[in-house]
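> Model the structure of this input:
(3 chains)
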Amino acid sequence: MVPLPYYFALSLTLFSIGLFGALTKRNAITVLMSIELMLNAVNINLVAFSRFITPQALLGHLFVIFTITVAAAEVAVGLALVLTLNRHRDSVNLQDFTWLRG
Amino acid sequence: MSTDQLGSLLVFAGLAFLVVGGGLGVVFFRNVFHAAVSMAFAFLGVAGIYFSLQADFLGVIQVLIYIGAVAVIIAFAIMLTRRGDMAETNRFVSPGQLALGALTAAGLWVALLGLGLSQWPGQPAQAPPLPAGTDLTLSLGQLLLSQMALPFEIAAVLLLVALVGAVLIAREDHPGQGRREQPGEVGKS
Amino acid sequence: MDGGAMNFAILWPEIITSGVGVLVLAVGLLAKGETLQRSRAAAWVGVLATVAAALAAWNLQGRNLTAFFGGYRLDDLAVFFKIVVLLAAGMTLLFAPDFLVRHFVRPSDFTALVLFGVTGMMLLASALDFITLYISLELISLSFYALIAIQKGEVRPAEAGLKYLLLSSLASAVMLYGMSLIYGLTGSTYLEAIPKAFGSGQWPLLAGVGVLFILAGLGLKVYLVPFHMWAPDVYEGAPVPTVAFLATGSSAATLAVILRLFEGSFAAAGGVWVPVLLVLAIVTMGVGNLMALPQTNIKRLLAYSSIAHAGYILLAVAAGGSSGAAAVMYYTLLYAVSTIAAFAVVSVYSQAAGSSDIQDLAGLARRSPFLSFVMLAAFASLAGVPPLAGFMAKFTVFAAAVEAGLLVPAGLGLVISVISIYYYFQVIRVMYVSEPRESTPLTFGWGTRVALLLGLAGILLLGVFPGPALHMAQTAVAAGLF
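Predicted coordinates:
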């Protein structure tokens, strides 16, 4: 097993990539994917800390189970919203999503 | 450096390449479907990281849920909302905002990497070994129904809300018989 | 592990709301020949559930115990916020059916989602570890995604829902990263254990970053600038009853957990977050009040008003201490009552006018003197006119800030808050002075009437007799945060 800082650096890199994507992509679906990357980065952190710092308590593992559950639920609701918006093809373009719209 | 350490370093490097490469693909591929496939590879890499940390159960549910469900749902969303050519479907925002986002992410990366490496400089190369006969999956199951019983119950309500919410959001028609109560009041725009 | 075992008896309020939520949902799905009109009964069932849950919560006062292995705290602070969110849910359910039926949303679906949302809010007010906190917060968020996009036939609700979903999950991810950093440094996810892990020593810088990440994640729910930009769009796009519940319940529950985290667990790291929060609180007040001035849509105006009030509340959080925490609680209660009363009026007039432009309020005083009087009281209270509740609340906030030695921020806040009088009275002027475009009297149902009366009574009573509520807040704070 490689030392803890390696895992931390990997997690931080994935988190930064996800944050970059979430802030700069125009397609709502890519924004959602970028957020999933950030959640995965969090999970790497939690599992690594759990293994290195509290190998017996498993708190990090438990936290990850809940974040995965929530992420799946959120993606399902997100898909429902995306499909609903897609019905209004003419007025909304998912590829023109912006955070600020006046 | 022993061969054992070299081996784990190589495995880690391979997995890290998969995770970071997959992540970069999500952001930089110009076709959003390619981005989604790239995301699935990143998820696979993360599952490998879990196995390397001896979190076997999490590795399995990572594959089942993230690749089997999340990535598939997102692929569905992309294909169902597709219109015509997919070549330029994953664009960036305007250059000004792009620079701002890049600066935020890069600044965060540099600052936190510095802080993190100074926080754990002398970590032992090896994590403390787990006692022989430890069954992490068994312990996880027991903890979920004891220490984590309350979040477990809340998660049940949360999943119900997600299910009902997704149905209510995606349902096409006005519900009940009220559809034609006041024609023209809320027409489909 | 200490901290009490599974004690489901202290979960009665949550069990009532979630159980009735499931019941309403099941009956709504299975009942044959269910029409929109008949489905209104579901909202009344929901109102009864919130009343029953509030009574159950009231009964749990004074227990001050920790349960579920240290993950759940039942103290007077939690009970206070539980009652506030139940009040918000109950008042919303009272006036919602009129609006929902008009827009072809089944009140039974809406009621079930509101009850699940309020369950999450009550749990959040009691959460004592990161895992319970996170999952309760997401229960609230998921309920709101559906509540925002539940209105069909228009594109705006779904658009608002997607925007809220993306921003709120982004904020959650940032918050989770902060939590993972703190877990990595302390080895615990329990709020009580975090300050103990660092002892009396200096907090490492990485932990400070974690604290700021958590502030950012929670800040989105309480309109902390620069995480406020979703509010105007979501307020404008979402159905009025949803916005009323979102504006009050969601931020009240988040404030409970902010108090627990920042006045409790992170108190020793105050050097990191207090200056940041102080600056952001003043910017939040400024942005909220200044951006409210040019608004022509009442929902957007109320969004910026929510932002402005968040600024005052966060100033009290930054001031800290027992008077700061008590001021946060009292302000949250008054803000909830006044805002829901205002939204109940908006709900009635926007159905009739078909839009929520401020201009369409013209002559409301002649069309419905009662409605315009409630709006007058709500806005005067939000503007901080004595002797209404808003004045007392602002007074407690600024008093707490002065007590904490924050003279300059308190002074700035006071000056900025004068601006708010202008835009609130701009609306009141339109109601009372402008010529009406239509003269048909406005009609509304019994539920709306009760909600309006409750709001009016709350605004007047909390202002004239602030004693009981303030006393309740102070005893709750005195009992401690863990």
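
> number of nearby residues for B:Leu103?
Neighbour count for B:Leu103, taken as other Cβ atoms under 10 Å in any protein chain shown: 12. Using the backbone N, CA and C atoms, a C-beta is placed for each residue, glycine as well.

> Oops, could you answer that again for C:Val105 instead?
By other Cβ under 10 Å, the residues close to C:Val105 number 29.

> In terms of pLDDT, where does it sit?
Looking at C:Val105, its pLDDT is 89.

> Contacts only, for it.
C:Val105 makes contact with B:175, C:150-152, C:239 under the criterion Cβ atoms under 8 Å, 6 or more residues apart in numbering or on different chains.

> Provide the backbone phi and psi angles at it.
phi -100, psi 130 (degrees, to the nearest 10).

> Where do the strands of chain C begin and end?
Using DSSP state E, the strands of chain C run over residues C:65-67, C:72-74.

> about what we covered before: export the contacts of C:Val105 to a markdown table and tack on neighbour count and pLDDT?
Below are the contacts of C:Val105 laid out as a markdown table (neighbours: other Cβ atoms under 10 Å in any protein chain shown; pLDDT from 0 to 100):
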| residue | neighbour count | pLDDT |
| --- | --- | --- |
| B:Pro175 | 20 | 49 |
| C:Ile150 | 26 | 92 |
| C:Gln151 | 26 | 90 |
| C:Lys152 | 22 | 83 |
| C:Pro239 | 23 | 94 |
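
> can you put those in a markdown table and add distance to chain A?
What follows is the contacts of C:Val105, written out as a markdown table (distance: Cβ to the nearest Cβ, whole Å):
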| residue | distance to chain A |
| --- | --- |
| B:Pro175 | 14 |
| C:Ile150 | 11 |
| C:Gln151 | 11 |
| C:Lys152 | 9 |
| C:Pro239 | 15 |
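
> nearest to C:Pro157, of the strands of chain C?
strand C:72-74 (34.4 Å; Cβ to Cβ).

> Residue 28: neighbouring residues, count only.
As the question left the chain open, I've gone with chain A. Neighbour number of A:Ala28 under other Cβ under 10 Å is 26.

> wait, I meant chain C there
20.

> list the contacts for it?
Contacts for C:Gly28 (Cβ under 8 Å, 6+ apart) come out as C:34, C:39, C:42, C:106, C:108-109, C:112.

> Among the residues you listed, name the ones in helices.
Residues of these located in helices (DSSP state H): C:42, C:108-109, C:112.

> Now, of those, which are buried?
When the ones in helices among the contacts of C:Gly28 are checked for burial by 16 or more other Cβ atoms under 10 Å in any protein chain shown, the buried set is C:42, C:108-109, C:112.

> what's the spacing between C:Phe130 and B:Ile65?
21 Å (Cβ to Cβ, to the nearest Å).

> who's more crowded, these two?
The residue with more neighbours, out of C:Phe130 and B:Ile65, is C:Phe130; 29 against 18, by other Cβ under 10 Å.

> And for residue 57, the neighbour number?
In the absence of a named chain, this looks at chain A. When neighbours are counted by other Cβ under 10 Å, A:Ala57 comes out with 17.

> not quite, I wanted chain C
Here the number of neighbours of C:Ala57 (other Cβ under 10 Å) works out to 25.

> ditto for B:Gln5
Considering only other Cβ under 10 Å, B:Gln5 is surrounded by 14 other residues.
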